[in-house]
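S.K.: Quick one: sequence plus predicted model below, questions after.
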Amino acid sequence: RSERADSALFTCVATNAFGSDDTSINLIIQEVPETPYELKVLEKAGRNIKLSWQAPYNGNSNLTRYLIEFKPTKGTWQNDIDRVLVSGDESIAGVFSLRPATSYHFRIVAQNEIGSSGPSDTITVETSEEAPSGPPVDCRLSAVDQHTLRVEWKPPLKEHWNGDILGYYVGYKKTSKGDDK
């Protein structure tokens, strides 16, 4: 079995009474790349994140691509994984279409013509909060008396919160009698 340390320049020399001749062969052992390292967050927002990493030893075969693998922290790498493909000569990339105020696990894998590295250490990132993307539901208005209205509602659907709901704004506008606006 060959190993990385077996890579070398081998020379074969033939000698007789009239002299000698030689030829050299450069043996290069190729293998899967090592694992990328120092995966870190450069920027984050509600729906995207920018990551950077350090390129690993390429296994004597040019890196063809990286796979950024990610999943919600509550999910599993087997069932909930998503991937972004990145060129093998890049070491910074963005991941888009994430959900605001959501915690994710990220890791990265390097690939060359021989195969894939193992995954890097996992980092955990929570995307930033954003304004709610849906309105309150079941809004109801009822008259308490001739001077008071009761306004009731339920929060937006949970998937539209995009973070914590901090409060609500209830506004009104007086209209003239007969004004149909």
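M.R.: It's in.

S.K.: Can you classify N60 as helix, strand or coil?
M.R.: Three-state assignment for N60 (DSSP: H, G, I helix; E, B strand; the rest coil): coil.

S.K.: from what I can see it touches L27, true?
M.R.: No. Counting by CB atoms under 8 Å, N60 sits too far from L27 to count as a contact (10.5 Å). Placement of C-beta: from N, CA and C, glycine included.

S.K.: what sits in contact with each of those two?
M.R.: Shared between the contact lists of N60 and L27 (criterion: CB atoms under 8 Å, 6 or more residues apart in numbering) are residues S7.

S.K.: higher neighbour count, those two?
M.R.: Neighbours per residue (other CB atoms under 10 Å) separate N60 from L27, with N60 holding more: 14 against 10.

S.K.: so what's that one closest to, chain neighbours aside?
M.R.: Among residues not flanking N60 along the chain, Q30 sits closest, at 4.7 Å (CB to CB, 6 or more residues apart in numbering).

S.K.: Pass me the low-pLDDT residue ranges in the chain, would you?
M.R.: Counting by pLDDT under 70, the chain shows low-confidence ranges at 178-181.

S.K.: For my notes, confirm A5 occurs in a strand.
M.R.: No. Using three-state DSSP, the assignment for A5 is helix, not a strand.

S.K.: What is the neighbour count of it?
M.R.: Neighbour number of A5 under other CB under 10 Å is 7.

S.K.: and the gap between it and I29?
M.R.: If you measure A5 against I29 using CB to CB, to the nearest Å, the figure is 8 Å.

S.K.: same check, this time on W153
M.R.: Counting by CB to CB - W153 and I29 are separated by 68 Å.

S.K.: Okay, strands next: where are they in this protein?
M.R.: Assigned strands in the chain, in chain order: 8-16, 19-27, 37-44, 49-54, 63-72, 82-87, 92-95, 103-112, 123-126, 137-145, 148-154 (criterion: DSSP state E).

S.K.: Among the ones you listed, single out whichever gets nearest to G163.
M.R.: For these, distance to G163 was read as CB to CB. The smallest value, 10.1 Å, belongs to strand 123-126.

S.K.: List the residues that contact Q54.
M.R.: For Q54, the contacting residues are P36, Y37, E38, S91, by CB under 8 Å, 6+ apart.

S.K.: and the strands of the chain as TSV, adding distance to N162?
M.R.: Shown next, in TSV, are those (distance: least, CB to CB, whole Å):
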stretch	distance to N162
strand 8-16	58
strand 19-27	57
strand 37-44	14
strand 49-54	15
strand 63-72	15
strand 82-87	19
strand 92-95	17
strand 103-112	14
strand 123-126	12
strand 137-145	15
strand 148-154	17
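
S.K.: picking that back up, now, among the contacts of Q54, which is nearest to F106?
M.R.: For F106, the closest of those turns out to be P36, at 11.5 Å, with distances computed as CB to CB.
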